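Student: sequence? don't have it. structure:
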């Protein structure tokens, strides 16, 4: 195999690796550096070129004031070292990014073995004792999973014309820029963590929420989320398309503290469904709790810890069916690391979560929120907590109103 083709194959292997596949920005940088190194060997690269051509920075980018490229290059070096110390330990080609330069180097490993990084698992022996109904259920779930992946792809692809339409000198309205600044100004795309409750049972025989006191951990099903969360992901994806930015989407059951440490995070869904919220800083003035007594005992509510004059002590969705009203929380709180932020969009039901995401995706409502929190439609936004009252019709949020706001 020609040497350059060997190196290109190694870059493809790196991009699809467990270490790098979840970081789109680092993959883009690696692919750009590789192409330059192979097509223009020994030709230096400038930070300005990387900033404008890889990360979409404006023509007035100043590397003396913005350290984005240096930070990203440092992260890429760490990721390469991590890869070659784990799944790439036996790869025939070693790719490095030496300090002080943006030119990749390629080295063929001496006496490289043909041992694969991973061994293929043997196919399970599907004997006749496996119930046919179970096999049908697995097949059905597989089809649903494929449909879900296709739907997400359609949603993301539908954003492309929007980005093209906004090319050139277009900038989102200033209130949008002020509200979303914590999530669009960093070097990496934020993580969008959607609720992913734990269930037990099977779809064909009935399912219920997992109970730690009576159910084994290996009985958990975590394949489902609400309709509101799906539509919320779509709304937020369209917003970020206006900024020419991506969202990294992950379900709550796969979230880890490593994701939280050095990333901006957006959570969809309440702690009852999005259990990841219990592991990070959250809201303090408005918190989710189940009612301990009274006619609504057991129902999920947003509890008002320090109610002000005229405010309810707890906000609950209507008990009627069909539901005619819900409540949702919008909270912006500091992340685990400095300069990182966490946005919480959570309803007491999936419809409230949808309404919260749609609220921060509309210009007029963002202006209203900024005015309530900062006193201006274009004010500089800091941490806050707010409660929305949502009116619904036929399972669709049709109106949302701020009913309580706290600055932090």
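Tutor: Ah, there it is. Quantities reported herein were computed from a predicted structural model and do not represent experimental measurements.

Student: Where does the closest residue to residue 401 other than its chain neighbours sit: helix, strand or coil?
Tutor: In space, and not counting its chain neighbours, residue 401 is closest to residue 389: 5.0 Å by CB to CB, 6 or more residues apart in numbering. (Each C-beta comes from the backbone N, C-alpha and C, glycine too.) At residue 389 the chain is in strand, as set by DSSP: H, G, I helix; E, B strand; the rest coil.

Student: I figured residue 389 hits residue 359, correct?
Tutor: No: counting by CB atoms under 8 Å, residue 389 does not reach residue 359; the two are 11.1 Å apart.

Student: got any residues that touch both of these two?
Tutor: residue 400 (CB atoms under 8 Å, 6 or more residues apart in numbering).

Student: Tell me which of those two has more neighbours.
Tutor: Higher neighbour count among residue 389 and residue 359: residue 359, with 24 against 18, using other CB atoms under 10 Å.

Student: so where is the stretch 251-400 of the chain shaky, pLDDT-wise?
Tutor: Residue ranges of the stretch 251-400 of the chain with pLDDT under 70: 279.

Student: how about 80 then?
Tutor: 253, 256-261, 272-281, 320-321 (pLDDT under 80).

Student: In the stretch 51-200 of the chain, what residue spans correspond to helices?
Tutor: 68-84, 132-157, 160-165, 174-184 (DSSP state H, counting those that start in this stretch).

Student: weakest of the ones you listed by average pLDDT?
Tutor: Of all these, mean pLDDT reaches its minimum on helix 160-165 (a mean of 37).

Student: if I've got this straight, residue 250 is in a strand?
Tutor: Yes: inclusion of residue 250 in a strand is indicated when three-state DSSP is applied.

Student: Next up, the contacts around it.
Tutor: Residue 250 neighbours (CB under 8 Å, 6+ apart): 191-194, 259.

Student: Show me just the buried residues among the residues you listed.
Tutor: 191-194, 259 (16 or more other CB atoms under 10 Å).

Student: Using the record's assignment, carve this protein into domains.
Tutor: 3-108, 139-407 (automatic domain parsing).

Student: in this structure, which residue is closest to the centre?
Tutor: residue 192 (1.9 Å; CA atoms, centre = their mean).

Student: Just grab the bridge partners of that residue for me.
Tutor: Per DSSP bridges, the residues bridged to residue 192 are residue 249, residue 266.

Student: Tell me who's in contact with it.
Tutor: Taking CB under 8 Å, 6+ apart, one finds 233, 236, 247-250, 266, 268 in contact with residue 192.

Student: circling back to that earlier point, so which one among the buried ones among the contacts of residue 250 has the lowest pLDDT?
Tutor: Scoring those by pLDDT puts residue 259 last, at 75.

Student: how much space between it and residue 6?
Tutor: Distance, residue 259 to residue 6, using CB to CB, to the nearest Å: 34 Å.

Student: now do residue 338
Tutor: Relative to residue 6, and taking CB to CB, residue 338 is found at 42 Å.

Student: Please compare those two by neighbour count and tell me which comes out ahead.
Tutor: A direct count of neighbours by other CB under 10 Å for residue 338 and residue 6 places residue 6 higher, at 13 against 7.

Student: Need the max-distance pair from the contacts of residue 250.
Tutor: 194 and 259 (13.2 Å; CB to CB).

Student: Now residue 234: which helix or strand?
Tutor: Residue 234 belongs to helix 227-242 when assigned by DSSP states H and E.

Student: Show me what counts as buried in that helix.
Tutor: For helix 227-242, by 16+ other CB under 10 Å, it's 228-237, 239-242.

Student: In TSV, list those along with distance to residue 296 and pLDDT.
Tutor: Converted to TSV, the buried residues of helix 227-242 look like this (distance: CB to CB, whole Å; pLDDT from 0 to 100):
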residue	distance to residue 296	pLDDT
228	21	91
229	24	92
230	27	91
231	27	92
232	25	93
233	30	93
234	32	92
235	29	92
236	31	94
237	35	92
239	34	91
240	37	91
241	40	88
242	40	87
